[in-house]
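Turn this into a model:
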Amino acid sequence: MACGNCGTGEDGAPKGCKNNGTCGTDGCNKLTVFDWLSNMSLPDGQETFNYVEVRFKNGRKDYYKNEENLTLSIGDIVATQAESGHDIGMVTLTGELVRVQMKRKKVRIDAPERLKIYRKASQKDIDIWTTAREKEEPMKVRARQIAIRLELQMKISDIEFQGDGSKATFYYTAEDRVDFRQLIKEFAQEFRTRIEMRQIGLRQEAARLGGIGSCGRELCCSTWLTDFRSVTTSAARYQQLSLNPQKLAGQCGKLKCCLNYELDSYMDALKSFPKTDIKLYTQKGTAVCQKIDIFQGHLWYAYEGEWMNWHKLTTEHANEIIAANRKKEPVASLEEFASELMKEDKVDFGNVVGQDSLTRFDKPKTTNKRRKNRAKKGTKDTPQVKNNRSKKTNKKVQKDVNPTHKVSSKQPSESKQRSQKNAAAKSNSKNKRRPQKPKPNA
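Here you go, the predicted structure:
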């Protein structure tokens, strides 16, 4: 999350505006809404909507009434009404889209206790606001040390100062109820300001702190998701996901909100599927469902006792067999229906290289060094050498023309002659090495 005005520091490193989501250009804010009606004028006689959406630290938003009819635009810093004193926030939305947002979040327009906008923030208001925000990080470290010393089962996740610096709100998470009466006393003595403790859930904590999810993108709850729907393990079962808590849980420790995104599509697709606990009765035996494929609309069944042999059926075939079983009509076997889906898968290996052979580098190039040396020296062949060459070429041509030529039985081939010579040489060597026996005396 960055904007064009963040700039770069030394050695080209990104400098950053260090506003933690409150950049004045509205480029690195969380939960922003694009005002697509900003360039459109209202009809004649219609007044502008007098409510404005104002955002505070970490995406906290509220709606304020513009009773003074101030000309406000997105990015203006304003002083708003608070329970005691005033708060400083930034305008994120104006006009008719504020009416739509209030209706979507069920905020009453005619409520008498609606807060209002005092004025545009002056430079003095902004200076007090920035100095108060600089105290939040060291104060959070000190507050956690005090909570650990008092042995309280709670986690202080964030601190937010009011715009005038008169009050600090401590956001914490805890599984059980916490008695922090002594904690508030020590906080008041340590920080010298009014203290308010506000408990939030684990999802709200992740939304305030932000982070990167397992998908590689920013967390949905910290960028655009505002309403947290309950997520159950049945959503993972419908989508045939493994019930592994390490994969299904997000950074908040709860089930991921994205499990609900495609759940409706899976529910619609499963309407045509028969229930997996229904058995198919055939003359060959009783079949039980082993697996389903929602995307292709296939089911796999296996006979009882033959669990290794699965038969693939479509949803129409399975529903047809179930209807026949209800009418008590005989069904021969599952193979009759599964044979329609059986196809011979022929593996076709394509030549990804093109026309080049994959073994083109296996055979090394043979070069005749003698011919090269002769060509360099410029020597001429004698007529006897030329005759020998012509004989060799004629033999090669004869072999190429008649490859099935057989050597006559009268004249043995060269290979047979060599083998006979080698065998004779071996027998002679053995005879030479073998010592002669002495002749017996007469």
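
where does the protein dip in pLDDT?
Applying pLDDT under 70 to the chain picks out residues 1-32, 341-358, 360, 363-442.

quick one, helices of it?
96-104, 123-134, 136-149, 181-191, 202-209, 220-223, 233-238, 245-248, 263-269, 315-326, 335-338, 369-377, 383-401, 414-433 (DSSP state H).

Which strands or helices does the fourth one pack on?
The reference is to helix 181-191. Helices and strands touching helix 181-191, by 3 or more CB pairs under 8 Å, 6 or more residues apart in numbering; DSSP states H and E, are helix 136-149, strand 194-199. All C-beta atoms are positioned from the backbone trio N, CA, C, and that covers glycine.

Tell me which of those approaches Gly95 most closely.
Gly95 lies closest to strand 194-199 among the helices and strands packed on helix 181-191, at 31.1 Å (CB to CB).

Tell me the helices and strands packed up against the closest one.
strand 167-173, helix 181-191.

Tell me the gap between it and the middle of its chain.
Remark: strand 194-199 is offset 38 Å from the chain centroid, using CA atoms, centre = their mean, to the nearest Å.

How much space separates Tyr266 from Ile292?
To Ile292, Tyr266 is 11 Å away according to CB to CB, to the nearest Å.

now Lys254
Taking CB to CB, one finds Lys254 at 28 Å from Ile292.

was I right about Asn69 contacting Asn50?
Yes - if you go by CB atoms under 8 Å, Asn69 and Asn50 touch, sitting 7.2 Å apart.

who has more neighbours, those two?
Asn50 (17 against 9; other CB atoms under 10 Å).

so what's that one up against?
Applying CB atoms under 8 Å, 6 or more residues apart in numbering, we find Asn50 in contact with 65-67, 69.

Which of the residues you listed sits closest to Ile322?
Of all these, Ile322 sits closest to Lys65, with 61.9 Å by CB to CB.

Name the residues of stretch 225-235 that come out as buried.
231, 235 (16 or more other CB atoms under 10 Å).

Let's have the contacts of Asn50 in TSV, adding distance to Leu37.
Shown next, in TSV, are the contacts of Asn50 (distance: CB to CB, whole Å):
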residue	distance to Leu37
Lys65	20
Asn66	17
Glu67	22
Asn69	19
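
In strands, which of those appear?
Lys65 (DSSP state E).

quick check, nearest of the contacts of Asn50 to Cys221?
Lys65 (28.4 Å).

Who's the closest spatial neighbour of that closest one, skipping the chain neighbours?
Once flanking residues are discounted, Lys65 sits nearest to Lys116: 4.5 Å by CB to CB, 6 or more residues apart in numbering.
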